[in-house]
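1. below is the structure, and that's it, no one-letter string:
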């Protein structure tokens, strides 16, 4: 049976349209489901209070602090390293077997399940390097986990900077580093931020890698050597051990709002930067 | 002391791209404070030759060179030459206007900011003004120096790009078909500008537009398949070429 172009067109619109609709529905369903169950629990004292009785009562402030601290630490460690690697791969080396291997390695790293990272972090940072369950060990583990994403997105962003900018910069007597620092990085910044924000999102939502390395202490961390519990871990433990379904949903709602805000903020920042540059 | 009239001398210069010979033993003396045009059919190597003068070809993988290019009697391919320094002496204007997505002021100031000339850095505003005036664009942009250069028309952008090249005070300016992306009026302005700039600078221009070469240049080099076929006074080349291929090309028999 042969379809005429008009009908193929109609079929394509129907198929592609419903795929989009299905994606959107899934997203909206998850958000509405979590918020519906969680929002009633969310209030100021829940967000700012300390948990009591293992989280059966009280708030989740230490978990919020833990999530923020861990994510910030991971990004602070991974962003310079990832951006540096990407700059080196794109601007300082010629394409060779070595760069191909490095890239392949980064891609493989990106595909490793997070629990493996957790196990690795536990063995290396927690045990061998004697960091114990701590912010530091968790931050390092998360940094390793989000590093490949940052490298690859930064690389793509750098490659998207027009060749003519580089040519002009060099033709005006700029050095390689000046060209990277003054021309390439500013123009690649929106793309680099996308990678960093993906990393932030992944860090915020991570449980498996974190529970093995940062632990699950419910106390406020005082230094990077203290164990912390993130919102995601808190949610997991509350739900898993049947401590409080109500508070679990409250935590989930807070987490989802945090992730959405991070994404919206990133989106807004990128639009502003792109608008400023045209 | 010997007075050098030819600041720029190309001597038996060859360039290989992977295994293909893109330029074959080219020798030509480029006179100071004159406009030298390089013409020839597409793919003849004219841009490659131009880009050899500020070593821009090094950005491409698989390029090898032989022979010498002398600037002020120094071989620019010598190992002792700092390529960053060379590019400050030999400025370049590209085919498409390519301002940075920054303000007009920052575009022109870029080269000075990257350099080590403290004096020029201290008088940055003056340098920007002088360069924009030299590029005959000052009157059009003086009230909007802080606006993005991307808002300007193509012709204006190209003159800002010329000002940007002038700001680092080069001796030689290389122009790679600087008007090919512009309309006739903007092209005329660029040509007028080239005429004015040769009072101060040595200019080498690549063009596929033969009328343009005849209008703006003092010397013309005709390149074909990587070989220099004929080189001499523009008037002679266009009215009385010695070589039959040159004649055929400039009369439009091929190209």
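-> Thanks, I have the structure now. Predicted model, so just to flag it, every value in this text is computed and none were measured.
2. and residue 111, how many neighbours does it have?
-> Unless you meant another one, I'm taking chain A. Counted with other CB atoms under 10 Å in any protein chain shown, the neighbours of residue A:111 add up to 7. Yep, even glycine has a C-beta here, placed from its N, CA and C like the rest.
3. right idea, wrong chain: chain B
-> Using other CB under 10 Å, the number of residues around residue B:111 comes to 28.
4. my read: it touches residue A:172, true?
-> Yes - using CB atoms under 8 Å, residue B:111 makes contact with residue A:172 at a distance of 3.7 Å.
5. touching both of these two, which residues are there?
-> Listed as contacting both residue B:111 and residue A:172 by CB atoms under 8 Å, 6 or more residues apart in numbering or on different chains are B:88, B:164-165, B:168.
6. pull out the buried positions in the helix or strand bottoming out on mean pLDDT in chain B.
-> The helix or strand of chain B with the poorest confidence is helix B:118-122; it has a mean of 87 (mean pLDDT, DSSP states H and E). Residues residue B:120 are the ones in helix B:118-122 that count as buried (16 or more other CB atoms under 10 Å in any protein chain shown).
7. that one - contacts with which helices or strands?
-> Packing partners of helix B:118-122 (3 or more CB pairs under 8 Å, 6 or more residues apart in numbering or on different chains; DSSP states H and E): helix B:104-114.
8. please redo it, this time with the cut-off set to 10 Å
-> Packing partners of helix B:118-122 (3 or more CB pairs under 10 Å, 6 or more residues apart in numbering or on different chains; DSSP states H and E): helix B:104-114, helix B:124-134.
9. pLDDT of the first one, averaged?
-> When you say that, I think you mean helix B:104-114. Averaging pLDDT along helix B:104-114 yields 96.
10. and it with helix B:124-134, angle?
-> If you take axes from the mean of the first three to the mean of the last three CA atoms, to 10 degrees, helix B:104-114 sits at 120 degrees to helix B:124-134.
11. elements contacting helix B:104-114?
-> helix A:163-171, helix A:176-178, helix B:83-89, helix B:118-122, helix B:124-134, helix B:138-141, helix B:154-166.
12. angle of that helix against helix B:154-166?
-> With the same axes, to 10 degrees as the basis, helix B:104-114 and helix B:154-166 are set at 20 degrees to each other.
13. what residues of helix B:104-114 count as buried?
-> Neighbour-count burial for helix B:104-114 flags B:104-112, B:114 (criterion: 16+ other CB under 10 Å).
14. for the last one, same thing?
-> Taking 16+ other CB under 10 Å as the neighbour-count basis, helix B:124-134 is seen to contain the buried residues B:127-132, B:134.
15. from chain B, how far out is the closest residue to residue A:208 other than its chain neighbours?
-> Leaving aside its sequence neighbours, residue A:208 sits nearest to residue A:115 (CB to CB, 6 or more residues apart in numbering or on different chains; 4.0 Å). Here the criterion is CB to the nearest CB, to the nearest Å. By it, residue A:115 lies 42 Å from chain B.
16. please state the mean pLDDT value computed over stretch A:211-221.
-> pLDDT averaged over stretch A:211-221 gives 92.
17. start and end of it, how far apart?
-> Start to finish, the residues bounding stretch A:211-221 are 15 Å apart (CA to CA, to the nearest Å).
18. okay, residue A:238: pLDDT?
-> pLDDT, residue A:238: 93.
19. pretty sure it sits in a helix.
-> Yes - Residue A:238: assigned to a helix according to DSSP: H, G, I helix; E, B strand; the rest coil.
20. run a quick neighbour tally on the nearest residue to it once chain neighbours are set aside.
-> Using CB to CB, 6+ apart and skipping the chain neighbours, the partner closest in space to residue A:238 is residue A:248 (3.9 Å). Look at residue A:248: counted by other CB under 10 Å, it has 23 neighbours.
21. domains in chain A, as residue ranges please.
-> Domain assignment for chain A, taken from automatic domain parsing, gives A:5-39, A:42-277.
22. now the last one, how far from the centre of its chain.
-> Same thing as domain A:42-277. Averaging C-alpha positions (CA atoms, centre = their mean, to the nearest Å) puts domain A:42-277 4 Å from its chain's average.
23. OK, contacts around the residue nearest to residue A:238?
-> Neighbouring residues of residue A:248 by CB atoms under 10 Å, 6 or more residues apart in numbering or on different chains: A:37-38, A:41, A:55, A:234-242.
24. what of residue A:221?
-> Here residue A:221 is in contact with A:62, A:65-66, A:69-70, A:134-135, A:214, A:227-229 (criterion: CB under 10 Å, 6+ apart).
25. and it, how far is that from residue A:227?
-> The gap separating residue A:221 from residue A:227 is 7 Å, by CB to CB, to the nearest Å.
26. again with residue A:242
-> Relative to residue A:227, residue A:242 is positioned 23 Å away (CB to CB).
27. who has more neighbours out of those two?
-> residue A:227 (20 against 8).
28. quick one: the strands in the stretch 151-255 of chain B?
-> For the stretch 151-255 of chain B, applying DSSP state E, counting those that start in this stretch gives strands covering B:172-176, B:202-206, B:219-224, B:227-233.
29. helices or strands up against the first one?
-> Taking 3+ CB pairs under 10 Å, 6+ apart as contact, the helices and strands that strand B:172-176 lies on are strand B:35-39, helix B:46-52, strand B:90-93, helix B:154-166, helix B:184-197, strand B:202-206.
30. thank you, goodbye.
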